[in-house]
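A.B. asks: here are the coordinates; sequence isn't available:
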């Protein structure tokens, strides 16, 4: 089982990228599990045609006498992708990071990975902060590799640098390995050069350069991944290439 965590600043497009990677991997016949670790709980919407469903934290908060089972929060999306949303706290109450910890503890308690036996697990994680809860997927029992999505925008680069620093600090604890940066273009000046400079300064590499594309917007308007909506498009090909890289990530280390 290959486990990959994808981090990035809020709004940078990591959920779109993660969902398209999940769809591309599912097209190859692999059993894929995608776990959304953002309080907005919208990581898997493109895999389920916009359908929203009960999150792990929703079920825990309900506190009913009925025991929580995997089928209450594991939902099937495109090509059978297993979709899970950790969820977030009640707005204005509680800590989102603590919520992720609670959700992961429930996944362990119910032995979700053993029950579904996915070939690959993708964690979609908010990366504006890397506090205890949001750092959970960095731990080796959850993820093998971590990739960071960024653009050339200053705040996105700043967030990516912070996540890179956290990975450096966690390295001595035998946490997940830093796989590299994914450039999701916003067409700012010298964008690739800026991201390559960040990769060099953090001892990493640029593993994908995804152009700004109307195809992505058109697919999202249909509440589908590009892989499903426009399988023959250039962007679908880009996502497939990145998915192939993920499958072979250990060979490139």
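C.D. replies: Sure, I can see it. For clarity, every value in this text was computed on a predicted model and none was experimentally measured. Numbering: from 1, shown residues only.
A.B. asks: which residues does residue 182 bridge with?
C.D. replies: residue 149, residue 208 (DSSP bridges).
A.B. asks: what's the distance between it and residue 1?
C.D. replies: 22 Å (Cβ to Cβ, to the nearest Å). All C-beta atoms are positioned from the backbone trio N, CA, C, and that covers glycine.
A.B. asks: Among the two, which residue is more densely surrounded?
C.D. replies: residue 182 (27 against 12; other Cβ atoms under 10 Å).
A.B. asks: Which per-residue confidence value corresponds to the more buried one?
C.D. replies: Per-residue confidence (pLDDT) for residue 182: 98.
A.B. asks: quick one: contacts for it?
C.D. replies: When contacts are counted by Cβ atoms under 8 Å, 6 or more residues apart in numbering, residue 182 touches 6, 8, 17, 147-150, 206-208, 210, 242.
A.B. asks: From those, which shows the smallest pLDDT?
C.D. replies: Out of the contacts of residue 182, that is residue 8, at 92.
A.B. asks: Hmm, it is touching residue 159, no?
C.D. replies: Yes: using Cβ atoms under 8 Å, residue 8 is in contact with residue 159, at 7.1 Å.
A.B. asks: of these two, who's got more company?
C.D. replies: Applying other Cβ under 10 Å to residue 8 and residue 159 shows that residue 8 carries more neighbours, namely 28 against 24.
A.B. asks: thinking residue 194 is in contact with residue 156, fair?
C.D. replies: No: here residue 194 does not reach residue 156: they are 9.8 Å apart, not a contact under Cβ under 8 Å.
A.B. asks: who's more crowded, these two?
C.D. replies: A direct count of neighbours by other Cβ under 10 Å for residue 194 and residue 156 places residue 156 higher, at 28 against 19.
A.B. asks: For the strand or helix carrying the more buried one, buried residues please.
C.D. replies: If you go by DSSP states H and E, residue 156 is part of helix 154-170. The neighbour-count check on helix 154-170 (16 or more other Cβ atoms under 10 Å) flags 156-157, 159-160, 162-164, 166-167, 170 as buried.
A.B. asks: Adding pLDDT as columns, could you present the residues you listed in a markdown table?
C.D. replies: Formatted as a markdown table, these follow (pLDDT from 0 to 100):
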| residue | pLDDT |
| --- | --- |
| 156 | 95 |
| 157 | 96 |
| 159 | 92 |
| 160 | 94 |
| 162 | 89 |
| 163 | 89 |
| 164 | 89 |
| 166 | 82 |
| 167 | 82 |
| 170 | 73 |
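A.B. asks: beta partners of the nearest residue to residue 179 once chain neighbours are set aside?
C.D. replies: The shortest distance from residue 179 to any non-neighbouring residue, by Cβ to Cβ, 6 or more residues apart in numbering, is to residue 145 (4.1 Å). Counting by DSSP bridges, residue 145 is bridged to residue 4, residue 177.
A.B. asks: what about residue 145, how many neighbours?
C.D. replies: Residue 145 is flanked by 18 other residues according to other Cβ under 10 Å.
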